[in-house]
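S.K.: Sequence plus predicted model, see below.
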Amino acid sequence: MKKISTKLNLAMLLVTFSVLAFVGAVLIFNIVLGYYRDFENAMTLVFQSERFYNICRDFDGDIEPVINYLDASESVLCQSSEKNYYILKDGNIIKSSHTGGILKMTDNLKQVLQGGYSSDRDITSDALDFAFNIGRGYTVYVADTRRELFSQIRDIAILFAQALMIGFALAAALGFIISKRLTASIKKLEKGALDMSHGNFSKIEIKSRDEIGSLCKVFNEMGEQIQNDFDEFEKAEAAQREFVANVSHELKTPLTVIKSYSQTLRKVETDAQTRNRFLTTIDNETDRMTQIVSQLLYLSKLEQQPVVNESLSLFELCSQIAGSLRIESDKKGLFVYITGDCIVYSDRELIKTIIYNLLSNAIKYSHPGGDINITVKDKPYAAVCVKDNGCGISPEDMEHIFERFYRVDKARGRNTGGTGLGLAIAKQSAAMINATLTVKSKQGEFSEFTLKFNDGGNNTADG
Ligand code: ADP
C-alpha cells in the first residue's frame, strides 16, 4: 500500500466504520439496559408494594386476592403478548395472563420452586423473568421472552447497516476528493524537490496554507538560498579565475622584460653604460615582482591574522608613517601636514598598513611641490583623512580603485612602482578593524581618503 490516497481512503472508511459501530453499540447497550431497567421497575412496583405485602402476609391458601391483585396490575406486568404472569401451584400453572404456550423452566423459576429466591437478571438466560414464592406451594412467576427487545435490536442493526453503507459511500467519495487535492500538492512538492535535485531551483507554486504549503515555503526559501549560494560560489570562482589571470599577467610583464634583457645581454656585445641600464631595469622588474608577490602573500594572510588591539594615538602613528616616507615626499618637494588627534583602541599594525598605503599613494599621485594634509578627527567619530591636491581620480575609476590590480593608468602605474594592490590591502585591513575606507575626489584637483572607525575605534580618550 504505497499511495497516500489509498491510505487516506482506508483511514476514512475505518473512521466511518468505527464511529458508526461505536454509536450503534452504545445505542443497543442503552436499549438493552433500559429494557432491563423497565422490567426491574415493573417488578418493584408490583411486588414491593404495600398491598402485595399485605396480601402475602394475610395469605391463607386462598389465591383469589393474589389473582385479583395480579389482574389489576396486568397493565404493568403484561405490556405485550411477550410479557406474561403465571400463578403456579406445586409447579403447575393454575392461572396465567394468556392461554397456551409452554412455560420454560428457567433458573429463576427452578430456584424459587425449590424454595430459594429469584436471582439477578441474567442476559444469557432464556427469558427475562421474576419468580416469587408466596407460600403454601404457590409461586407467582413473571416472564418476558425479550422478543420485543430482540426485534428492536434487529431494527437498529438494520438501520445501522444501512447507515454504514451510506457512510462508506460518502467516506469513499470524500476521501477521493480530499486525497486528490492533498496528493496534488504533494505531487507538486515532489516534482519541485526532484527539480531541485537536478539543479533547477524554480519556485514551487502551491496556494494552500496548510503544512504542505508551509513545507513548500521552506523548500522555496531553501531553493532560493541554494541558488544564492550557487551564484555567490560562481561569482567567487569567476573572481578567483580573474585574480589568477591578473596575477599571471602582472608577473608575466616583468618576467618578459627580464628574459628579453638578459638574452640581449648574453647575445649582443654592449658597452658598460648600456649593460648597466639593462641590469638596472632587470633589477627594478625583479623588485616589482618581489613587491607583487609579497603584497599578495600579505593579502592572503590578512584574514587569518589576529587583531591585536591597544590604545594608540592616531597623531603619533601618522607622524611615524610620514617620517618613514619622508625621503619620498622630500624628493617631490611635498609638505605633509598632520593636525588633530584621537586615542583609539585598535590594531596598530593594520592602521599603519592603511595609512602607509594612503600616504604613499598621496605622495605618488601628487604634483611636485604640493601639500598633503592628514587630519585626525575625534568627533563625531574617530577618523583619519589623507588629502592631496594631486591628479585626482575620475568618477568611473573611483568605482574600481579598491579592486585588486586596478590601476587608473597602467603605464604610469608601472613607472610610479604601483602594483594596484595597495588600496585593496588597505580596504581589507579596514574591514578587519571594523572601519570603513571611503574616497572623495575631483579629477585634476584633489583626492581625499577617509578611514572611519565605525565603533569609534573603541575610542578611549580625546587627544
Ligand atoms: P597602486 O599601487 O597602483 O598605487 P593602489 O591600489 O594603491 O595601487 O591604487 C589603485 C589606483 O588608484 C592607483 O593606480 C591610482 O590610479 C589610484 N589612486 C590611488 N590613490 C590615489 C591618489 N591619492 N590620487 C590619485 N589616484 C590615486
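M.R.: Good, I have the coordinates. Bear in mind that the values here come from a model prediction, so they are computed numbers and not experimental data.

S.K.: Spell out which parts of this protein neighbour the ligand.
M.R.: Contact residues (CB under 6 Å from any ligand atom) of the chain with the ligand: 357, 361-362, 364-365, 388, 390-393, 401, 406-408, 413, 418-424, 447. Yep, even glycine has a C-beta here, placed from its N, CA and C like the rest.

S.K.: Strands of the chain, residue ranges please.
M.R.: Using DSSP state E, the strands of the chain run over 83-89, 92-96, 128-135, 138-144, 309-313, 335-339, 342-347, 371-377, 383-388, 435-442, 446-453, 461-462.

S.K.: mind listing what the third one pairs with, with the direction of each?
M.R.: Note on strand 128-135: by DSSP bridges, its sheet partners are strand 138-144 (antiparallel).

S.K.: Give me the contacts around the partner strand.
M.R.: Residues outside strand 138-144 that contact it (CB atoms under 8 Å, 6 or more residues apart in numbering): 39, 43, 47, 59, 63, 66, 70, 77, 82-89, 91, 103-104, 106, 109, 112-113, 127-134.

S.K.: Drop anything exposed from those residues.
M.R.: The neighbour count (16 or more other CB atoms under 10 Å) marks 39, 43, 47, 63, 66, 70, 77, 82-88, 103, 106, 109, 112-113, 127-134 as buried among the contacts of strand 138-144.

S.K.: Can you pull the domain assignment for this structure?
M.R.: 4-150, 202-304, 306-462 (automatic domain parsing).

S.K.: What residue in the stretch 1-150 of the chain comes nearest to the ligand?
M.R.: Ranked by CB to the nearest ligand atom, the top residue of the stretch 1-150 of the chain for proximity to the ligand is Ile4, at 61.6 Å.

S.K.: give me the number of residues near that residue?
M.R.: Using other CB atoms under 10 Å, Ile4 is surrounded by 13 other residues.

S.K.: Ala430 too?
M.R.: Neighbours around Ala430, by other CB under 10 Å: 22.

S.K.: Verify the stated contact: it with Leu437.
M.R.: Yes - using CB atoms under 8 Å, Ala430 is in contact with Leu437, at 4.3 Å.

S.K.: Around Ile178, how many other residues sit close by?
M.R.: 14.

S.K.: list the contacts for the nearest residue to it once chain neighbours are set aside?
M.R.: The spatially closest residue to Ile178, leaving aside those adjacent along the chain, is Leu8, at 6.7 Å (CB to CB, 6 or more residues apart in numbering). Each residue near Leu8 by CB under 8 Å, 6+ apart is listed here: Gly175, Ile178, Ser179, Leu182.

S.K.: Just list whatever residues bridge to the nearest residue to Lys377 once chain neighbours are set aside.
M.R.: Distances taken as CB to CB, 6+ apart place Ala383 nearest to Lys377, at 4.4 Å, with adjacent residues excluded. Beta-bridge pairing of Ala383 under DSSP bridges involves Lys377, Lys452.

S.K.: List the residues that contact Ala383.
M.R.: Cys342, Val376, Lys377, Thr450, Leu451, Lys452, Phe453.

S.K.: how about low-confidence regions in this protein?
M.R.: 1-2, 100-101, 120-121, 410-417, 456-463 (pLDDT under 70).

S.K.: 80 - rerun?
M.R.: Applying pLDDT under 80 to the chain picks out residues 1-5, 78-82, 98-103, 119-127, 182, 206-208, 303, 409-418, 455-463.

S.K.: Burial check on Gly115, number of neighbours?
M.R.: Applying other CB under 10 Å, we find 7 residues neighbouring Gly115.

S.K.: any idea what sits nearest it, other than its immediate chain neighbours?
M.R.: Asn133 (6.9 Å).

S.K.: swap in Leu170?
M.R.: That would be Thr16: by CB to CB, 6+ apart, it lies 7.5 Å from Leu170.

S.K.: tell me the contacts of the one you found?
M.R.: Neighbour list for Thr16: Leu164, Gly167, Phe168, Leu170, Ala171 [criterion: CB under 8 Å, 6+ apart].

S.K.: Name the nearest of these relative to the ligand.
M.R.: Ala171 (75.6 Å).

S.K.: hmm, back to that, how about the residue of the stretch 1-150 of the chain closest to the ligand, what does it touch?
M.R.: Counting by CB under 8 Å, 6+ apart, Ile4 has contacts Ser179, Leu182, Thr183, Ile186.

S.K.: Quick one: which of the residues you listed is the most crowded by neighbours?
M.R.: Neighbour counts for those, by other CB under 10 Å, peak at Ser179, which reaches 20 neighbours.

S.K.: From Ser185, how far off is it?
M.R.: Using CB to CB, to the nearest Å, we find Ser179 at a distance of 11 Å from Ser185.

S.K.: Repeat that for Asn108.
M.R.: Asn108 is 65 Å from Ser185, by CB to CB.
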